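In: Build me a model:
(2 chains)
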Amino acid sequence: MQDRKPLYLMTPALAWLTAFMVIPCLLILALAFFRRGLYGGIEYTFTLENLALVFDPLYAGIFLKSAWIAGLAALIAVIIGYAAAFAIAAAPSRQQPILLFFAVLPFWSNYLVRTYAWIVLLNREGLITGLARWLGYDAELPRLLYTEGAVVVGLVYNYLPFVILACYAPLSRLNPEIAEASRDLGASGWTTFRRVVLPMTAPGIATGFVFVFVLSIGNFVTPALLGGGQFQMIGNLVYAQFLTANDWPFGAALSMILIAIMMGLLTLQTFATERASGAKREGS
Amino acid sequence: MTQPLLSLRNVEKHFGTVRAVDGFSLDIQENEFFALLGASGSGKTTLLRMLAGFETLTGGEILLDGKDISQVPPNRRPVNLMFQSYALFPHMSIAQNIAYGLEMEKCSKSEIKRRVGEMLEIIQLSHLAGRKPDQLSGGQRQRVALGRALIKRPRLLLLDEPLGALDKKLRGDMQLELKRLQHEIGITFIIVTHDQEEALVMADRVAILKDGKLLQCATPRDIYEHPNSRYSADFIGVMNFLPATLRQGQVIAANGQPVAAQLPEGLSEGNDVVVAIRPERLQVAAYRGGGGPRGRVLATAYHGLDLQLHLQTNLSSEPITVRLTAQEAEQTALSEGDEVELGWNAKDTRVFAA
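Out: From the prediction side, this is the model:
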């Protein structure tokens, strides 16, 4: 009874989430089961057509493409972010907060501004091309902007701070004596990393990966700006259904599947982290 | 004399301007149970980490079986360290933790299985082999850490405050347990501790460290009976110190009375000294009007087998501790407020420069 008391402190947050998140989501979900009206309105007759259309090869393909881009971005972000977090956690403890501050600094600027910055960098006559010319590279350069690669780079760049933070937490908590114990028992530095450090910090990696993946798969700003007009991810498709094609029911159906994928992944990740830390609580 | 297992020759470790270990030399024989005893900051842990290979030497050398190992990385030394935090791998079971060191030696699967089984028997944790470290008690974790290091059959096992995390009762059991294991397995143990009782109970020889220097190295008994410095005398066991001066070949207490004391060498006329004497070497009796040292009982403390008296005496401003056996206590029947006279034999004292 005693420890249930503070629950009422959650009421404002719950009310807020219910009013502005849960109810709108439910409304959107409901839309998915209605027919599209002749002139873009909604005709309130029940149908499963919208959901079926999501699995049409054309749209399913965009889903797969989005998952591929998001997965690639998450993978690259995890590799770069883990290495950075490792370096920060290994730095003298007084420097660590400063290094973390710099790692997260880009995060405090506007998402759009940061993405536009990449346009300046990747443009046909942008900084990177200019640099190549200046270094004496005269041949035709491959196009950088408006490619799949540009989208991945943009996503990695934007979400890297998340990964650094997610990986830094378990790395900084790691008792250095544990790695030393592994060395003491005969393991090389690499074996120690592979068999002790990596498994012990895996929950952070999983958190970082799922975070980047979930944020990337539904992203529409980055693909729109860095992928160019012909490049579509789920986010762009949903955006188009609601705002240009005026097909709200189909947009709702797409959103529903997207949300289901995200929720599934987040649940999986929560369970994995719970299991990793579950043993600890049992022991104490 | 046979070659010592381990020889430290003039070992130095400087951190900036701090001399954590300062010209340390020591020989340790095969099968010894050796204790490095010192307060925090005495350099004992640094020394242990140098032996394990986690700290480089600023100077000197470490010889193991006659070979200099100071440049050998920790994973190539036939030396294992049992960490103060135990440093068990939390994501591995007890059996996996113990097997880890053998896997690193590329032992065959069947050999690993057999030796892990044997080790689990020795540390009496066979029934918990599949558990994770977090599911064990402190004492069990300590045994896993010990087993994980011992299974490597090191030439030298280093233990960093191995009993520090255990409660007092368990500590006593584990002290005897460690000593038994060491005799059974026949591996040289070096233990680092700040707990003098632990060092006395377990070790064959004790080295007392202060500010990175070796102060005294001897058997526990020798250190207790013949401390070579005021610091050693104070660090091991309870010791009374009486301020005094040397005058005309006599030791004169602060109240001007000459007191019984073994005259030290190397101290001369007029030197300020302290007379050190153990509580159990003091004799007390109810005051009968003698002119010798006397005092009043401030408090009595019952310790089961013995009784401790705290006396305010005419010899020093600090109270003096006297230890009586239960039998002696019964005979003298002293209680708080009683006036007493006290005496001791000169041979039971040590005199140090103040």
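
In: Show the pLDDT at B:Ala218.
Out: B:Ala218 is assigned a pLDDT of 94 by the prediction.

In: Got phi/psi on it?
Out: Backbone torsions of B:Ala218, given as degrees, to the nearest 10, read phi -160, psi -180.

In: same thing with A:Leu171?
Out: For A:Leu171, the backbone dihedrals are phi -70, psi -40 (criterion: degrees, to the nearest 10).

In: Next, find the distance separating the closest residue to it other than its chain neighbours from A:Ile164.
Out: Leaving out its chain neighbours, the residue that sits closest to A:Leu171 by Cβ to Cβ, 6 or more residues apart in numbering or on different chains is A:Ala89, at 4.0 Å. C-beta: built from backbone N, CA, C; applies to glycine. Between A:Ala89 and A:Ile164 the distance is 10 Å, computed by Cβ to Cβ, to the nearest Å.

In: how about the closest residue to chain B within the stretch 51-200 of chain A, what does it touch?
Out: Closest to chain B within the stretch 51-200 of chain A is A:Gly186: 3.4 Å, counting by Cβ to the nearest Cβ. By Cβ atoms under 8 Å, 6 or more residues apart in numbering or on different chains, the residues touching A:Gly186 are B:Asn75, B:Arg76, B:Gly101, B:Met104, B:Glu105, B:Lys152.

In: looking at those residues, which has the most residues close by?
Out: Among the contacts of A:Gly186, the one with the most neighbours (other Cβ atoms under 10 Å in any protein chain shown) is B:Gly101, at 27 neighbours.

In: quick one: average confidence on the helix ranked longest in chain B?
Out: In chain B, assigned by DSSP state H, the helix with the most residues is helix B:168-185. Averaging pLDDT along helix B:168-185 gives 84.

In: what's that helix in contact with?
Out: Residues contacting helix B:168-185 (Cβ under 8 Å, 6+ apart): B:33, B:122, B:138-139, B:142, B:146, B:150, B:159, B:162-163, B:166, B:189, B:191, B:198, B:201-202.

In: buried subset of these?
Out: B:33, B:122, B:139, B:142, B:146, B:150, B:159, B:162-163, B:166, B:189, B:191, B:198, B:201-202 (16 or more other Cβ atoms under 10 Å in any protein chain shown).

In: Which stretches in chain A count as helices?
Out: A:11-17, A:23-31, A:49-54, A:57-90, A:96-104, A:111-122, A:127-134, A:148-173, A:176-184, A:189-192, A:198-217, A:221-226, A:234-243, A:248-283.

In: Rounded mean pLDDT for the longest one, please.
Out: Across helix A:248-283, pLDDT averages out at 80.

In: Please apply the same query to the third one.
Out: Mean pLDDT, taken over the full extent of helix A:49-54, equals 89.

In: what does it rub up against?
Out: Contact partners of helix A:49-54, identified using Cβ under 8 Å, 6+ apart, comprise A:32-33, A:35-36, A:59-60, A:63, A:249-250, A:252-254, A:256-257.

In: pull the CA atoms of that helix into CSV?
Out: What follows is helix A:49-54 as a C-alpha-only set of coordinates in CSV (Å, rounded to 0.1, in the frame of the first residue of the first chain):
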residue,chain,number,x,y,z
GLU,A,49,-9.3,-2.5,-48.3
ASN,A,50,-6.9,0.2,-47.0
LEU,A,51,-5.0,-2.3,-44.8
ALA,A,52,-4.9,-4.8,-47.7
LEU,A,53,-3.4,-2.1,-50.0
VAL,A,54,-0.5,-1.6,-47.6
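
In: Flag every buried residue along it.
Out: Using 16+ other Cβ under 10 Å as the test for burial, helix A:49-54 gives A:Asn50, A:Leu51, A:Leu53, A:Val54.

In: Dump these to TSV, plus distance to B:Ser268.
Out: Output for the buried residues of helix A:49-54, formatted as TSV (distance: Cβ to Cβ, whole Å):
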residue	distance to B:Ser268
A:Asn50	106
A:Leu51	104
A:Leu53	107
A:Val54	101
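
In: what pairs with the longest strand that chain A contains, and is each one parallel or antiparallel?
Out: Scanning chain A for the longest strand, with DSSP state E as the assignment, gives strand A:42-46. Partners of strand A:42-46 in the sheet, by DSSP bridges, are strand A:34-36 (antiparallel).

In: and the strand it pairs with, average pLDDT?
Out: 88.

In: Outside of that strand itself, list whatever touches it.
Out: Strand A:34-36 is contacted by residues A:Ile42, A:Glu43, A:Tyr44, A:Thr45, A:Phe46, A:Thr47, A:Glu49, A:Asn50, A:Asp247, A:Trp248, A:Pro249, A:Phe250 when judged by Cβ under 8 Å, 6+ apart.
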